[in-house]
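[1] Turn this into a structure:
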Amino acid sequence: MLEARQLTYDMVAVGGSSLMLLGVLERPTRDLDVVALVESGRYVKANPLPPPLAEAAVDVGETLGIGGAWLNAGPADLLDFGLPSGFADRVVTRRYAALTLRLASRTDQICLKLYAAVDQGARSKHFEDVVRLAPSDGELLFAARWSITHDPSEGLRAELVRALALLGVPDAGSRL
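    Modelled structure (predicted):
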């Protein structure tokens with residue numbers, strides 16, 4: 001659809017679909033979470049999606065029978081507080097004709113999934129995804145420290161400590 005319209009886009013994707021594209025996850029997901037567009041080598045907020053891209057996404061969704069809202073720019077708000085340090089250096093780049101996707105690395109997915117899991121709880125798909133990623137204590141602590149940069153409240157810190165305990169990280173409270 002993009003190529004036929006003589007359009008090209010370079011996007012940064014996170015979440016379940018990007019984990020599927022990396023071969024890390026096999027659970028079904030409804031959308032592709034886009035955190036940024038890449039313009040002149042810089043990440044810029046993808047929300048709202050440029051109208052030509054949004055129109056092409058609706059057409060693809062209708063053609064495939066998955067609905068027009070499958071390209072989700074909601075996670076673009078993550079750029080307001082910053083992605084994990086070194087994120088851009090770790091992305092895995094995939095090219096599909098006129099579309100370039102920069103997929104968040106496993107390390108960065110752990111950060112994003114832990115942050116979402118703390119928000120949505122231990123019974124959420126995000127918590128299950130963290131478990132499936134089988135992170136080390138060090139990876140979980142890196143993710144927790146990054147999460148605190150988005151919300152330094154004592155409430156989030158307490159929830160992080162609880163989540164880390166469920167994930168088997170000993171003495172997380174004293175290690176954050």
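[2] what's in contact with the lowest-mean-pLDDT helix or strand in the chain?
    In the chain, no helix or strand scores lower on mean pLDDT, DSSP states H and E than helix 172-175, which sits at a mean of 88. With C-beta atoms under 8 Å, 6 or more residues apart in numbering as the test, helix 172-175 has contacts from 140, 141, 144, 157, 160, 161, 164, 165, 169. Just so you know, the C-beta spots here come from the backbone N, C-alpha and C atoms, and that holds for glycine as well.
[3] Run the chain-centre distance for it.
    Its chain's C-alpha centre and that of helix 172-175 lie 25 Å apart, by C-alpha atoms, centre = their mean, to the nearest Å.
[4] Only the buried residues of it, if you could.
    Using 16 or more other C-beta atoms under 10 Å as the test for burial, helix 172-175 gives residue 172.
[5] Could I get the CA-only coordinates of that helix as CSV?
    This file holds the C-alpha atoms of helix 172-175, laid out as CSV (Å, rounded to 0.1, in the frame of the first residue of the first chain):
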residue,chain,number,x,y,z
ALA,A,172,14.9,-5.3,45.1
GLY,A,173,14.0,-2.4,47.4
SER,A,174,17.5,-1.9,48.5
ARG,A,175,18.9,-2.4,45.0
